[in-house]
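Asker: Build me a structure from this.
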Amino acid sequence: MPWSPNEAGELMWFPYTTFAFLVGSFTSMICGFIGMKVATQANVKTTYQCARYDIKAGFDVAFRGGQVLGFMLVGLALIILEILILSYKGAVVSEANAGQTKAGGELVQSQVRVLFEYISGYGLGGSTVALFGRVGGGIYTKAADVGADLAGKVTHGLEEDSPRNPGTIADNVGDNVGDIAGMGADLFGSLAESTCAALVVSSTCLPMVNTNDAIYFPLIITSIGILVSFVTQWFAKIDMDVDRKLFYQLVVSTVLMTIAIIPAIYMLPVSMEMQFGGATYIATQWKLYGCIAMGLWSGMIIGASTEYYTSNKYSPTKDLAQSCEFGPAPNIIKGLALGYMSNIIPIICLCATVLVAFNFAAMYGIALSAIGMLGCLPIALTIDGYGPISDNAGGIAEMSNLKKSVRKATDELDAAGNTTAAIGKGFAIGSAALVALALFGAFITRVGETLKISITIDILNPYAFAGLLFGSMLPYWFSALTMGAVGDAAQQMIEEIERQYPMIMAGEKPDHEKCITISTEASLSKMIAPGAIVIISPLAIGMIFGYTATAGLLAGIIVSGIQIAFSASNTGGAWDNCKKMVEAGMLERSGDANKGMLKNFVDALQAKGDAARKLSNNPNLTAEQTGYDMTNPINPEAYRIVRKKDPEHAAAVVGDTVGDPLKDTSGPSINILVKLSAITSLVFGTFIA
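Answerer: Presented below is the predicted three-dimensional model:
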């Protein structure tokens with residue numbers, strides 16, 4: 001019967017890769033669903049704790065909500081991958097009757113390689129769902145956010161998350177879709193893909209295959225990371241500032257992980273020959289440890305760099321806020337410059353990691369570096385999930401008309417959350433670069449095994465160089481589509497809010513449902529084209545021009561995409577914290593009563609008052625009658641601090657709305673472009689070859 005196993009135990013008709021793809025897709029969706037359920041419950045509880053007790057109690061709930069997301073996602077990803085491997089192993093790897101298996105009558109080493117090529121469908125499934133979670137979620141949330149900010153805050157002077165703003169509910173829902181489900185699916189895909197890449201590449205090393213359980217070394221590293229993260233989370237009990245507490249989670253987990261993985265390296269062979277590109281690399285246990293450590297510490301340095309460029313405690317964001325005195329244009333110019341500058345340290349870290357890891361263990365070293373960077377993924381997801389939870393807690397406080405002190409507490413939590421979200425994006429982008437490079441190596445390995453030749457890619461080959469140019473263009477095309485989608489949807493959102501505003505002022509309730517519909521329809525329709533580009537491009541290029549052009553394409557996407565992603569995410573994060581800084585009353589006008597922007601502002605107020613008195617022919621006009629200060633003369637020091645609804649605040653909001661699609665749609669979505677194009681090439685490597 002066709003559904004019965006053959007003598008070797010393998011179901012010859014069974015679609016191994018397709019089934020792994022479906023399992024990966026389903027796992028990714030489950031992780032997103034659970035994450036959103038936890039986040040929506042934690043949002044309310046965080047607000048309640050801030051109202052009932054204090055900011056410390058609110059932090060504890062938001063942090064625990066992030067913990068559930070982190071530990072659940074990594075644990076689920078790991079256990080399902082292990083079950084999948086064990087389920088396939090008995091059928092695909094069989095010394096008895098080996099000629100009856102799909103791998104053919106080859107050595108066990110080749111059968112192991114085929115096994116892990118089947119398993120790579122798991123990573124492809126996870127990244128495919130992540131694509132729609134990231135792109136669709138990003139379009140959803142930023143269409144609502146930009147529309148609500150511009151129409152509500154700038155045009156009509158409404159408070160952040162005001163219940164009178166029809167776009168508020170869509171904005172808060174979108175935070176969960178994009179920043180919880182999208183980020184979770186993204187990093188789930190990174191973990192699955194880096195593990196699959198390491199397994200495929202290591203299967204070409206005979207000592208790894210022959211040493212008991214050594215081939216599963218990447219899974220052991222992830223397991224150790226779960227234990228280390230569990231220990232690390234107790235350090236959050238230490239009493240210190242919220243943002244320092246969250247950043248030290250990253251530092252402590254990195255230090256502990258560096259020590260904890262040492263015993264695991266002794267499960268590896270003493271010496272291993274890694275073949276790649278016709279060259280042989282001699283790897284040892286300590287060299288592989290070095291690869292993991294490079295990934296770990298590069299991740300921490302990237303996180304520290306991201307915090308420096310996006311936190312309002314450091315000079316880059318402070319300077320950005322000061323530029324708002326001069327209007328939106330200088331703010332946008334300096335914000336873009338900040339994002340470009342923020343590329344330098346992460347790229348240097350990635351270059352150092354790639355050089356060391358490749359020289360130590362070829363592409364297996366690169367894959368281990370990616371796994372190392374994701375080693376403390378539960379903690380990375382914890383501090384990242386904390387951000388949208390505390391953000392929505394502030395929205396709930398505002399919409400529930402709670403005391404100002406509650407909103408102040410949630411805003412303080414949210415300000416730290418903006419920075420941790422930026423750190424999470426930095427982790428995701430850095431790991432995406434290493435994961436994509438490891439998948440690139442696995443793709444070259446698969447093509448070489450298929451053609452039975454040693455593959456080397458020459459950049460001077462016209463097909464490789466043409467693919468490189470085309471691949472470098474794809475992130476720009478992808479970003480143009482996603483940002484254009486946010487812009488189009490935001491226009492519809494603004495139009496709808498403006499339509500409702502006169503009725504709301506007349507006493508009617510805002511129609512939140514209409515704004516939710518606009519975001520939903522835009523996200524579903526506008527994510528198709530970017531998704532098609534990601535999946536079709538490597539297949540079409542490979543089918544028409546061959547594997548050399550595909551290799552160039554992947555290299556171009558990695559080199560171009562990673563730098564766009566870093567700059568976009570950090571620019572948007574800095575603009576967001578710049579706005580928060582202005583709204584918190586932390587921006588002072590420069591100059592004094594005789595010169596500078598303070599004098600200019602006071603002179604403009606004085607001129608406005610003088611004009612009103614002259615026009616009304618009433619020298620005794622009051623502030624209640626005109627809506628602005630009628631004191632004569634005006635005390636300059638009363639206007640030293642920038643307030644909401646001042647021109648500087650409007651400039652900060654404009655910068656924030658420009659940065660929203662950069663940091664939450666285009667920037668993070670490029671991670672998926674980089675990884676998904678690479679794993680698509682790997683899964684269809686035999687077809688492309």
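Asker: Could you report the separation of residue 271 from residue 368?
Answerer: Distance of residue 271 to residue 368, given as C-beta to C-beta, to the nearest Å: 16 Å. (C-beta placed from N, C-alpha, C; glycine too.)
Asker: any idea where the strands of this structure begin and end?
Answerer: Taking DSSP state E, the strands of the chain run over residues 271-276, 279-284.
Asker: neighbour count winner among residue 271 and residue 368?
Answerer: It is residue 368, of residue 271 and residue 368, that has more neighbours when counted by other C-beta atoms under 10 Å, with 34 against 11.
Asker: Contacts only, for the more buried one.
Answerer: Neighbour list for residue 368: 198, 217-218, 221, 288, 291-292, 295, 357, 361 [criterion: C-beta atoms under 8 Å, 6 or more residues apart in numbering].
Asker: And residue 456, how far from residue 542?
Answerer: Distance of residue 456 to residue 542, computed by C-beta to C-beta: 17 Å.
Asker: out of those two, which sits in the busier spot?
Answerer: Higher neighbour count among residue 456 and residue 542: residue 542, with 25 against 14, using other C-beta under 10 Å.
Asker: Hmm, residue 686 and the more buried one touching each other?
Answerer: No: Residue 542 sits out of contact with residue 686 when judged by C-beta atoms under 8 Å, with a separation of 10.7 Å.
Asker: Centroid-nearest residue for this protein?
Answerer: residue 425 (3.6 Å; C-alpha atoms, centre = their mean).
Asker: My guess is residue 478 contacts residue 531. True?
Answerer: No: Residue 478 lies out of contact with residue 531 (C-beta under 8 Å); the separation is 9.7 Å.
Asker: More neighbours: which of these two?
Answerer: Using other C-beta under 10 Å, the more surrounded residue of residue 478 and residue 531 is residue 478, with 27 against 20.
Asker: Any regions of the protein where pLDDT drops low?
Answerer: Counting by pLDDT under 70, the chain contains low-confidence ranges at 1-14, 94-109, 623-630.
Asker: longest single helix anywhere in it?
Answerer: Assignment by DSSP state H gives helix 404-451 as the longest helix of the chain.
Asker: Return the distance of that helix from the chain's centre.
Answerer: From the chain centre to the centre of helix 404-451 is a distance of 4 Å (C-alpha atoms, centre = their mean, to the nearest Å).
Asker: List the contacts of residue 356.
Answerer: Residues near residue 356 by C-beta under 8 Å, 6+ apart: 290-291, 294, 365.
Asker: mind redoing it with 10 Å?
Answerer: Counting by C-beta atoms under 10 Å, 6 or more residues apart in numbering, residue 356 makes contact with 287, 290-291, 293-295, 298, 365-366, 369.
Asker: List only those of those flagged as buried.
Answerer: Burial by neighbour count, judged by 16 or more other C-beta atoms under 10 Å, picks out 287, 290-291, 293-295, 298, 365-366, 369 from the contacts of residue 356.
Asker: picking up where we left off before, and the contacts of residue 368, which is closest to residue 413?
Answerer: Nearest to residue 413, judged by C-beta to C-beta, of these is residue 295 at 30.2 Å.
Asker: quick one: that closest one and residue 370 touch, right?
Answerer: Yes: proximity of residue 295 to residue 370 meets the contact threshold set by C-beta atoms under 10 Å, at 6.2 Å.
Asker: Now the common contact residues for these two.
Answerer: Common contact partners of residue 295 and residue 370 (C-beta under 10 Å, 6+ apart): 194, 353, 357, 430-431, 434.
Asker: Could you provide those residues in a markdown table, with additional columns for neighbour count and distance to residue 230?
Answerer: What follows is the shared contacts of residue 295 and residue 370, written out as a markdown table (neighbours: other C-beta atoms under 10 Å; distance: C-beta to C-beta, whole Å):
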| residue | neighbour count | distance to residue 230 |
| --- | --- | --- |
| 194 | 31 | 21 |
| 353 | 29 | 26 |
| 357 | 31 | 27 |
| 430 | 31 | 23 |
| 431 | 31 | 21 |
| 434 | 31 | 25 |
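Asker: could those residues go into CSV alongside distance to residue 73?
Answerer: Converted to CSV, these look like this (distance: C-beta to C-beta, whole Å):
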residue, distance to residue 73
194, 15
353, 24
357, 25
430, 18
431, 14
434, 19
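Asker: of those residues, closest to residue 572?
Answerer: Using C-beta to C-beta, residue 430 is the member of those that sits closest to residue 572, with 17.0 Å.
Asker: Need the nearest residue in space to that closest one, chain neighbours excluded.
Answerer: With C-beta to C-beta, 6 or more residues apart in numbering as the criterion, residue 430 has its nearest non-adjacent residue at 4.7 Å, and that residue is residue 302.
Asker: residues contacting the one you found?
Answerer: Residue 302 neighbours (C-beta under 10 Å, 6+ apart): 345-350, 373, 423, 426-427, 429-431, 566.
Asker: what about it, distance to residue 449?
Answerer: Per C-beta to C-beta, residue 302 is found 34 Å from residue 449.
Asker: now do residue 551
Answerer: Between residue 551 and residue 449 the computed distance is 15 Å (C-beta to C-beta).
Asker: neighbour-wise, which of the two wins?
Answerer: Using other C-beta under 10 Å as the criterion, residue 551 and residue 449 rank with residue 551 on top: 30 against 20.
Asker: In contact with the more buried one, which residues?
Answerer: Residue 551 is in contact with 440, 443-444, 447, 455-459, 461, 463-464, 467-468, 471, 538, 541-542, 681, 688, counting by C-beta under 10 Å, 6+ apart.
Asker: Tell me, how many residues neighbour residue 86?
Answerer: Counted by other C-beta under 10 Å, the residues lying close to residue 86 total 9.
Asker: go on, residue 110?
Answerer: When neighbours are counted by other C-beta under 10 Å, residue 110 comes out with 18.
Asker: That one reaches residue 452, doesn't it?
Answerer: No: the pair residue 110 and residue 452 does not pass the contact test of C-beta under 10 Å, sitting 11.1 Å apart.
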